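Trainee: 3D, please:
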Amino acid sequence: MHRVACIRGVLLGLFLAVAVFAQRDLGTIAGTITDPSGLAVPNAKVTITEVATNLSYAVTSNSAGEYVRPALKPGIYTVSAEANGFRRVAQENVSVTSGDRIGVNLTLAVGNVTESIEVSTQAALLQTENTTQGAALNAAEVNQLPMGGQRVFAYLARLSPGVLTAEPGARDAQNGGFSANGVRSTGENNFLLNGVDNNVNDIDFINQTSYVIGPSLDAIGEMRVLTNGYNAEYGRAAGGVIEISIKSGTNSLHGTLFEFLQNTDLNANRWENNLAGVGRPPVRQNQFGGSAGGPIVKNRLFIFGDYQGTKIGTAGGVVQNLGYGQFETIPTPAEVQGNFSGLLGKVIGSDPVTGSSISQNQIYNPASTSCNAAGTICTRQPFPNNTIPTSLMDPAAAKIAALYPAPNQAVVPGNYPQND
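Mentor: Below is the predicted model:
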């Protein structure tokens with residue numbers, strides 16, 4: 001019994017931890033319900049309805065007329081309040097963004113509850129509920145702002161005050177790295193995707209990004225860049241915080257298809273090439289994909305998905321750090337099978353025990369060790385034809401070696417293989 005209770009306690013703790021962790025990408029609506037004289041209206045029913053999905057959330061004001069509804073996903077909401085002896089009042093076009101606490105105060109006019117007053121003007125844009133500094137971009141802004149090159153969401157962080165390009169030499173500079181308020185780009189910013197940690201833990205940034213998942217711009221519902229004054233719940237970052245919220249399905253079916261093309265014919269030449277009389281290098285880039293969302297069960301269950309692909313064909317250096325190659329030493333198809341006869345060189349000595357000749361690059365069987373009578377000098381037998389039997393090869397290593405491509409440069413017989 002104690003073991004079962006312990007397991008339940010652990011599972012409950014994990015559930016609560018995940019629930020709190022995921023609230024970073026959600027918003028809160030709070031406010032006070034008053035009458036025309038400014039007195040609090042307790043026990044008023046407050047209904048918060050998301051316009052896109054028609055999902056509603058009901059709360060009740062306390063004795064001070066205050067109400068609060070956390071865990072609201074970003075979107076446009078209508079907030080209404082009603083109480084006995086008062087007209088129903090509704091505030092439309094309330095915009096909720098990730099991590100924000102939006103204040104919506106409502107004043108109920110005396111009258112019949114069946115009568116209503118609807119305020120359709122845009123809610124106040126001034127944020128008075130917290131001291132966070134930064135910028136918020138909605139789906140239209142994220143998708144329509146010109147990006148150029150590869151469409152990477154991290155470049156949009158530079159639209160926020162206090163954000164500059166990454167410092168020289170930053171390992172994520174080629175994929176939107178940025179410096180917020182003078183703090184280094186490399187590893188000092190915090191990337192969140194739907195409230196979940198999206199940071200690369202390996203500071204080397206092999207793929208030249210400081211985030212794990214780079215969502216398509218068509219899939220982003222909202223992007224917030226926090227540069228100062230954000231709450232302790234974000235943690236980790238000494239620089240800025242990029243918080244991405246992916247779109248969700250709505251009661252209407254919506255979708256996009258896109259293709260962004262760059263090629264040699266459409267691109268201008270670089271100034272340095274024009275000065276040197278060099279033509280445009282070959283380049284062809286296609287970035288394509290789509291997104292779609294809609295209802296599974298109207299007003300209840302929704303779905304959204306997206307895809308993006310990028311193909312780049314270019315000469316080295318056209319896209320920075322892309323397309324460069326170098327010579328590497330790899331085994332030939334014969335060597336993959338254990339045949340190293342092509343590496344045998346000239347005779348360079350003789351075996352002190354057997355007296356047989358020793359050739360350059362000769363491979364010896366490690367299981368054939370033998371010594372002279374005194375045991376002071378030992379030797380091994382060379383593999384015939386400098387070929388290692390496949391029976392002595394580790395099966396896992398043989399499968400890995402079979403993945404090597406065929407060499408495209410000739411191996412010079414008798415020389416040590418080096419970068420050919």
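Trainee: show me where pLDDT drops low in the stretch 251-400 of the chain?
Mentor: Counting by pLDDT under 70, the stretch 251-400 of the chain contains low-confidence residues at 315-327.
Trainee: my guess is residue 112 contacts residue 87. True?
Mentor: Yes - using Cβ atoms under 8 Å, residue 112 makes contact with residue 87 at a distance of 6.8 Å. Glycine gets a C-beta too; all of them are placed from N, C-alpha and C.
Trainee: more neighbours, those two?
Mentor: Using other Cβ atoms under 10 Å, the more surrounded residue of residue 112 and residue 87 is residue 87, with 17 against 10.
Trainee: burial count for residue 207?
Mentor: As a burial measure, residue 207 scores 15 neighbours (other Cβ under 10 Å).
Trainee: quick one: contacts for it?
Mentor: By Cβ atoms under 8 Å, 6 or more residues apart in numbering, the residues touching residue 207 are residue 175.
Trainee: distance of it from residue 213?
Mentor: 11 Å (Cβ to Cβ, to the nearest Å).
Trainee: residue 401 too?
Mentor: Using Cβ to Cβ, we find residue 401 at a distance of 33 Å from residue 213.
Trainee: if I look at residue 373, how far off is residue 234?
Mentor: Going from residue 373 to residue 234 by Cβ to Cβ gives 76 Å.
Trainee: so these two - more neighbours on which side?
Mentor: Per other Cβ under 10 Å, whichever of residue 373 and residue 234 has more neighbours is residue 234, with 15 against 7.
Trainee: and that one, what are its phi and psi?
Mentor: Dihedral pair for residue 234: phi -80, psi -40, per degrees, to the nearest 10.
Trainee: for the closest residue to it other than its chain neighbours, phi and psi?
Mentor: Residue nearest to residue 234 in three dimensions, not counting chain neighbours: residue 241, with 5.2 Å by Cβ to Cβ, 6 or more residues apart in numbering. Per-residue torsions, residue 241: phi -120, psi 130 (degrees, to the nearest 10).
Trainee: contact partners for residue 241?
Mentor: 134, 189-192, 224-227, 230, 234.
Trainee: mind checking which helix or strand the most centrally placed residue in the chain is in?
Mentor: For the chain, the residue lying nearest the average C-alpha position, counting by Cα atoms, centre = their mean, turns out to be residue 213 (2.1 Å). Using DSSP states H and E, residue 213 sits within no helix or strand.
Trainee: my guess is it contacts residue 196, does it?
Mentor: No - using Cβ under 8 Å, residue 213 makes no contact with residue 196, being 9.4 Å away.
Trainee: if you skip the residues just before and after it, what's nearest to residue 138?
Mentor: In this structure, residue 138 finds its nearest non-sequential neighbour in residue 222, 5.9 Å apart by Cβ to Cβ, 6+ apart.
Trainee: three-state assignment of that neighbour?
Mentor: Secondary structure, DSSP: H, G, I helix; E, B strand; the rest coil: residue 222 is strand.
Trainee: need the contact list for the closest residue to residue 39 other than its chain neighbours.
Mentor: Nearest residue to residue 39, sequence neighbours excluded (Cβ to Cβ, 6+ apart): residue 65, at 7.9 Å. Neighbour list for residue 65: 32-34, 39-42, 44 [criterion: Cβ under 8 Å, 6+ apart].
Trainee: equivalent analysis for residue 193, please.
Mentor: The contact partners of residue 193, taken as Cβ under 8 Å, 6+ apart, are 211, 213, 215, 244, 246.
Trainee: switch the cut-off to 6 Å
Mentor: When contacts are counted by Cβ atoms under 6 Å, 6 or more residues apart in numbering, residue 193 touches 213, 244.
Trainee: check residue 300 too.
Mentor: The contact partners of residue 300, by Cβ under 6 Å, 6+ apart, come to none.
Trainee: for residue 351, see how far away residue 186 is.
Mentor: Distance from residue 186 to residue 351, by Cβ to Cβ: 56 Å.
Trainee: out of those two, name the residue with the larger neighbour count.
Mentor: The neighbour count for residue 186 versus residue 351, taken as other Cβ under 10 Å, is higher for residue 186 (19 against 15).
Trainee: surely that one and residue 169 touch.
Mentor: No - between residue 186 and residue 169 there is no contact under Cβ atoms under 6 Å: 8.7 Å.
Trainee: how far is stretch 213-230 from where the chain is centred?
Mentor: 10 Å (Cα atoms, centre = their mean, to the nearest Å).
Trainee: check which residues of it are buried.
Mentor: By 16 or more other Cβ atoms under 10 Å, the buried positions in stretch 213-230 come out as 214-227, 230.
Trainee: closest one of the residues you listed to residue 79?
Mentor: Each of these was scored against residue 79 by Cβ to Cβ, and residue 222 proved nearest at 19.1 Å.
Trainee: ok, the closest one - contacts?
Mentor: 74, 97-98, 138, 245.
Trainee: name the nearest of these relative to residue 58.
Mentor: Distances from residue 58 to the contacts of residue 222, taken by Cβ to Cβ, are shortest for residue 74, at 20.3 Å.
Trainee: hey, where'd the helices end up in this protein?
Mentor: Listed in chain order, the helices of the chain (DSSP state H) span 2-22, 139-144, 271-276, 333-336, 395-401.
Trainee: which strands and helices sit next to the second one?
Mentor: Read it as helix 139-144. On a contact count with 3 or more Cβ pairs under 6 Å, 6 or more residues apart in numbering; DSSP states H and E, helix 139-144 meets strand 220-228.
Trainee: paired strands for the strand it packs on, with orientation please.
Mentor: Applying DSSP bridges to the sheet, strand 220-228 is found paired with strand 133-138 (antiparallel), strand 241-246 (antiparallel).
Trainee: keeping just the C-alphas, turn that strand into CSV.
Mentor: Output in CSV follows, covering the C-alpha atoms of strand 220-228 (Å, rounded to 0.1, in the frame of the first residue of the first chain):
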residue,chain,number,x,y,z
ILE,A,220,4.2,30.3,-35.6
GLY,A,221,1.2,31.7,-34.0
GLU,A,222,3.1,34.1,-31.8
MET,A,223,6.7,35.1,-31.1
ARG,A,224,7.7,37.0,-28.0
VAL,A,225,11.2,38.4,-27.4
LEU,A,226,11.8,39.3,-23.8
THR,A,227,14.9,41.3,-23.1
ASN,A,228,14.6,42.7,-19.6
